[in-house]
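Q: the sequence isn't on hand, but the structure is:
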């Protein structure tokens, strides 16, 4: 992301108690670590403490590997979760996009990358249809067409297609796998393999209108706002931890196609915001909820 | 409502075809009717046409009773729904409010009435608790305390309590019965008796989080916005036609009490808007959806 | 636009009086005209009446030219404005885009066109810099680079550049000339020549922060929301009739670049909405204000 | 405010450098201080660091006076601003409200206090008109009527009236003096005397529409959203540091009275939010901007 200088980003959680901030900031201060951004949160219900800190890389006398090694001691002392992370903003984030026929989210993300707003490395776009190959390649990005059997069709064909998708994704070791209106339900083993990295955009304000054709469901129910939800993919459909949501107003004059059109503008920004926060290590998962240090 | 001069308001629906607008506007023009506000809508799916028209009372050579009589012919010719209405803004709208312990919606509505923003006649406030008697009476409005048995308690006591509520409500023949956080589920016969007049404010963005403790449900699911829904009461809980909805942003720092507090601001405005539109005859029910001519 | 079938769109204004709706709808009904969408508005202050009507083309026994001819009589009788219009949705809308270096609005509009959401004919993109030539041509659209002298530089060079822009624009006789972050102030004669067709997106919530570097102005003032405004271009800078506006929340953590980034998402949707409404003849200019029949 | 237990709240600013967080959190940890909520911000432009911390009162072995004394050393060492504060949530916040004729903000605030949402001590309401005496006293709060000369009238009478207002306000030593649609411009000496404590609600999205009749100005300009701004009062009219703003959509159908009505809903919530944040010591003024640690 457009960070002005190289930084190390620490994401950490542990049971709440006195002295955590002192321990971490004392550790950093000892080595002259310049904290540029810091956020803290205590979940009162569960008694867990979360923090995210950005430290100027050039303020520390060692590299990120040594920072990780030294911080491990602090983390252990504090009884921290094992999923703490220290990342280096100098390492460009790798992203793979999964798409189908509808291109609005893809166009939007590629436009953000091309205009320099989203400084990520889109390694590949994979589609179960070939419709979006042209625009992808116009942006200089490889497009892979992996045909899927029709819904309800050959389960073996589907498994083979997903195996191919998995192979094409994992060779890039991406920081994020984005289901940019992919329209295929990930099999359980991919949900596990990509846990915390697979990000979906669902075209409703979850938990309303799970599953297929949410705008049709919204129209039938007569709601006055439609929305979109960016969430981590888990084995249960559309039920993973929510990263970001937003809504837009509709009224009785809006047909389903109108809702689809208006909703797209929300899908695009909600996905772009969620992806940015994920790649900037601003999202810490806590049970089925997220702490988002914006 | 703050209408600047006396008007007759026509609300009408019929199967769509050519010439409807010509028929209605021709009928009005024949008698010099001055249309001050007019709105039309055709539901493409069902082929139904809806209109709402405000006509200056002093532009017509007869009174509202005669207007209704004469319009009946037009309505019949067009195959209109039998629930068409012509109301007179000179007839002040009568409202009865049902409350429990939480006063934010009541305070808000009474403040709007007292400041002249909402020009209605609040005939009575009925509470299953007495907490809000003081503020109600300070506004010069009668308060009736009708105790209800505890949840799960004596069903006969509940039926008797509802019978008393019904009696207290119906003697005012109100244009609207507002469940301003009443927290009691109306029995089926009252849903029928007050159909199209009983208005509820539910403290979630329906259809998410139907039923009890929606803010707790929202917190557990980790949503990033909470909302409120103003809807007509029907026999199925929280499933009636939606009049208005809105949302407000929350994040991981918001505990359930924070969500409750933020959500209240939305409940208040959503209820106030929905009630205003209902009393101004701006809401036409169409199946389980509404046409709202704002 | 994604209109489901061919329609004629009537936009009309005249002094308010009784019988206007009857006159227009009677005229249409006489020939079997099927009104699919109709909107009316009376400006109480100025006593002007406005309407927009969509009629199914196949419901009338004559073509758009004859409809215009016949309607002229009705318009004259009603004392209508001379700028009334009847357009045919079968005539594809022609658009020319003016750009500079920043591509977010261009990427967004091209994406909407490519995905079929905005069914318009982008005839050309003209840039005072060549940065956006590549993406434009990747979409199969001609790009013209017209270099401008530096700010404060040679006025004759600037006049010549604008003459060239004018030539490149007018040969397409476009329905809209969009200043998609063009960053050059149109000379007075072009404001006149393109009156009601030149659409600008300004990156502030006007009338706040007119002119250059509005996000810097917003940051200095410490506002809590930043916005964008889509408006018709007139001779007075950033003061033309407003078509659409929207805002997004910012806070003390947002630097100017953060505001720029967040604001872009608003600029894109505000421009896209304003352009769509303009091209669908939903915008009627009334003095320095607009009636937008959405 | 509805804090669950007694806390000490530290608000502090100083030039940014390494080790600040370590110094403060180390100081607190030394005495077992339990940080319940902590927020930090560095203004990159000016190089100033700001923090707000909530510490459980019962976690420290001394009272708030001693905490202040001891913290003074830390503050001095860090070169902190002299306006740092440590407040005790056990001290109930005292508020005086200044009003005129329009009651919507007063009704709203009194409703929030009465329903327990805003746990403050409203010591007095002062009005230059007596219209709102009744509702104020119905809430058990003293109302003082201080008549003012008509606009443009006797300047001495105005000075005398303000002297009386000042006397009535200052005897309560309030944490906040709220101009709840007071409609009188504070004289310069009161702006100074109440600096950082006098809070105004202006009925526009500043800096648009400074001064009188902002909704009229908004209507004339044809904006598509109207707003409200809660800000600290300074000598320059409507130009003080902004605490909170919000907006609501309007369109061509909205007359000035409609805008007034819709805008009121925004005024009420913007003032309520701004006042809450001020009283919870969440607002740090930095030049003409604010850091709001929500």
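A: Ah, there it is. The model shown is predicted, which means the values in this text are computed figures rather than measured ones.
Q: show the pLDDT at residue A:150.
A: Looking at residue A:150, its pLDDT stands at 88.
Q: secondary structure class for it?
A: Secondary structure, DSSP: H, G, I helix; E, B strand; the rest coil: residue A:150 is coil.
Q: so what's the residue count around it?
A: Neighbourhood size, residue A:150 [other C-beta atoms under 10 Å in any protein chain shown]: 8. C-beta here means a position set from N, CA and C on the backbone, and glycine is covered the same way.
Q: give me the three-state assignment for residue A:72.
A: Put simply, residue A:72 is helix when judged by three-state DSSP.
Q: which elements pack onto the helix or strand of chain A with the lowest mean pLDDT?
A: None of the helices or strands of chain A scores lower by mean pLDDT, DSSP states H and E than strand A:35-43, at a mean of 91. Under the contact definition 3 or more C-beta pairs under 8 Å, 6 or more residues apart in numbering or on different chains; DSSP states H and E, strand A:35-43 sits against helix A:20-30, strand A:48-56, strand D:35-43.
Q: tell me which element the nearest residue to residue A:104 once chain neighbours are set aside falls in.
A: Excluding the flanking residues, the one nearest residue A:104 by C-beta to C-beta, 6 or more residues apart in numbering or on different chains is residue A:264, at 4.6 Å. Per DSSP states H and E, residue A:264 falls inside helix A:256-279.
Q: tell me what the very next helix or strand once past that helix is packed against?
A: Next along the chain after helix A:256-279, taking DSSP H and E as the criterion, comes strand A:283-286. Applying 3+ C-beta pairs under 8 Å, 6+ apart, we find strand A:283-286 packed against strand A:7-15, strand A:48-56, strand A:289-292.
Q: quick one, which of those gets closest to chain B.
A: strand A:289-292 (3.2 Å; C-beta to the nearest C-beta).
Q: please see if that closest one touches chain B.
A: Yes - counting by C-beta under 8 Å from any C-beta of the partner chain, chain B has neighbours in strand A:289-292: A:289-292.
Q: who in chain A is up against chain B?
A: A:41, A:43-45, A:205-209, A:220-225, A:227, A:241-242, A:244-247, A:251-253, A:255, A:286, A:288-292, A:294.
Q: any weak-confidence spans in chain A?
A: A:1-4 (pLDDT under 70).
Q: for it, what lies in contact range of chain C?
A: By the rule C-beta under 8 Å from any C-beta, the part of chain A lying against chain C is A:2, A:102-104, A:107-108, A:110-112, A:114-115, A:117, A:135, A:138-139, A:253, A:257, A:261, A:264-265, A:269, A:272, A:294.
Q: what subset of those residues is buried?
A: Among these, those classed as buried by 16 or more other C-beta atoms under 10 Å in any protein chain shown are A:102-104, A:107-108, A:110-112, A:114-115, A:117, A:135, A:139, A:261, A:264-265, A:269, A:272.
Q: out of the residues of chain A next to chain C, which sit inside helices?
A: If you go by DSSP state H, the residues of chain A next to chain C have A:104, A:107-108, A:110-112, A:114, A:135, A:138, A:257, A:261, A:264-265, A:269, A:272 in helices.
Q: identify the farthest-apart pair in those residues.
A: Maximum pairwise distance among these (C-beta to C-beta): 28.5 Å, between A:114 and A:257.
Q: tell me who's in contact with residue A:214.
A: The contact partners of residue A:214, taken as C-beta atoms under 8 Å, 6 or more residues apart in numbering or on different chains, are A:202-204, A:208.
Q: for the residues of strand A:289-292 next to chain B, name the two members farthest from one another.
A: For the residues of strand A:289-292 next to chain B, the maximum inter-member distance is 9.8 Å, found between A:289 and A:292 (C-beta to C-beta).
Q: if you count what's nearby, which of the two comes out ahead?
A: Using other C-beta under 10 Å as the criterion, residue A:289 and residue A:292 rank with residue A:292 on top: 22 against 19.
Q: which element is residue A:169 on?
A: Residue A:169 belongs to helix A:155-170, assigned by DSSP H and E.
Q: tell me the domain ranges of chain A?
A: A:7-88, A:94-292 (automatic domain parsing).
Q: any residue of stretch A:85-102 touching chain D?
A: No - applying C-beta under 8 Å from any C-beta, one finds stretch A:85-102 out of contact with chain D, separated by at least 15.8 Å.
Q: quick one: end-to-end distance for that stretch.
A: End-to-end span of stretch A:85-102 (C-alpha to C-alpha, to the nearest Å): 35 Å.
Q: any idea how far that stretch is from the chain center?
A: On the basis of C-alpha atoms, centre = their mean, to the nearest Å, stretch A:85-102 sits 8 Å off its chain's mean C-alpha point.
Q: okay, buried residues for that stretch please.
A: Buried positions in stretch A:85-102, judged by neighbour count with 16+ other C-beta under 10 Å: A:86-87, A:89, A:93-100, A:102.
Q: in the stretch 51-200 of chain A, which residue sits nearest chain D?
A: Relative to chain D, the nearest point of the stretch 51-200 of chain A is residue A:59 (6.7 Å; C-beta to the nearest C-beta).
Q: I'd say residue A:144 and residue A:128 touch.
A: No - between residue A:144 and residue A:128 there is no contact under C-beta atoms under 8 Å: 10.2 Å.
Q: OK, contacts around whichever residue of the stretch 101-250 of chain A sits closest to chain B?
A: At 3.2 Å from chain B, residue A:222 is the closest residue in the stretch 101-250 of chain A, using C-beta to the nearest C-beta. By C-beta under 8 Å, 6+ apart, residue A:222 lies in contact with B:241-242, B:288-290.
Q: one more time with 10 Å, if that's ok
A: A:250, A:252, B:206-207, B:231, B:240-243, B:245, B:285-291 (C-beta atoms under 10 Å, 6 or more residues apart in numbering or on different chains).
Q: of these, just the buried ones, ChimeraX syntax please.
A: A single ChimeraX command selects the buried members of the contacts of residue A:222 (16+ other C-beta under 10 Å):
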select /A:250,252 /B:206,207,231,240,241,242,243,245,285,286,288,289,290,291
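Q: to what extent is the spatially closest residue to residue A:77 that is not a sequence neighbour buried, counted in neighbours?
A: Counting by C-beta to C-beta, 6+ apart, residue A:77 lies nearest to residue A:23, which is 7.1 Å off, once chain neighbours are set aside. Residue A:23 has 20 neighbours, counted by other C-beta under 10 Å.
Q: residue A:23: what's it in contact with?
A: Residues counted as contacts of residue A:23 (C-beta under 10 Å, 6+ apart) are A:14, A:17, A:74-75, A:77-78, D:22, D:25-26, D:29.
Q: for those, which one is nearest chain B?
A: For the contacts of residue A:23, the nearest to chain B is residue A:14 (16.3 Å; C-beta to the nearest C-beta).
Q: for residue A:38, see how far away that closest one is.
A: Note on residue A:14: its distance to residue A:38, by C-beta to C-beta, to the nearest Å, is 16 Å.
Q: do the same with residue A:128
A: Distance from residue A:128 to residue A:38, by C-beta to C-beta: 43 Å.
Q: which of the two has more neighbours?
A: residue A:38 (23 against 19).
Q: what is that one paired to in the beta sheet?
A: Counting by DSSP bridges, residue A:38 forms beta bridges with residue A:53.
Q: mind checking how far it is from chain C?
A: Separation of residue A:38 from chain C (C-beta to the nearest C-beta, to the nearest Å): 11 Å.
Q: ok, that residue to residue A:16 distance?
A: From residue A:38 to residue A:16 the distance is 17 Å (C-beta to C-beta).
Q: same check on residue A:43?
A: In this structure, residue A:43 and residue A:16 are 8 Å apart, going by C-beta to C-beta.
Q: could you do residue A:57 as well?
A: Remark: distance between residue A:57 and residue A:16 (C-beta to C-beta) = 29 Å.
Q: next, show the common contact partners of residue A:144 and residue A:128.
A: Common contacts of residue A:144 and residue A:128 (C-beta under 10 Å, 6+ apart): A:98, A:165.
Q: that'll do, ta.
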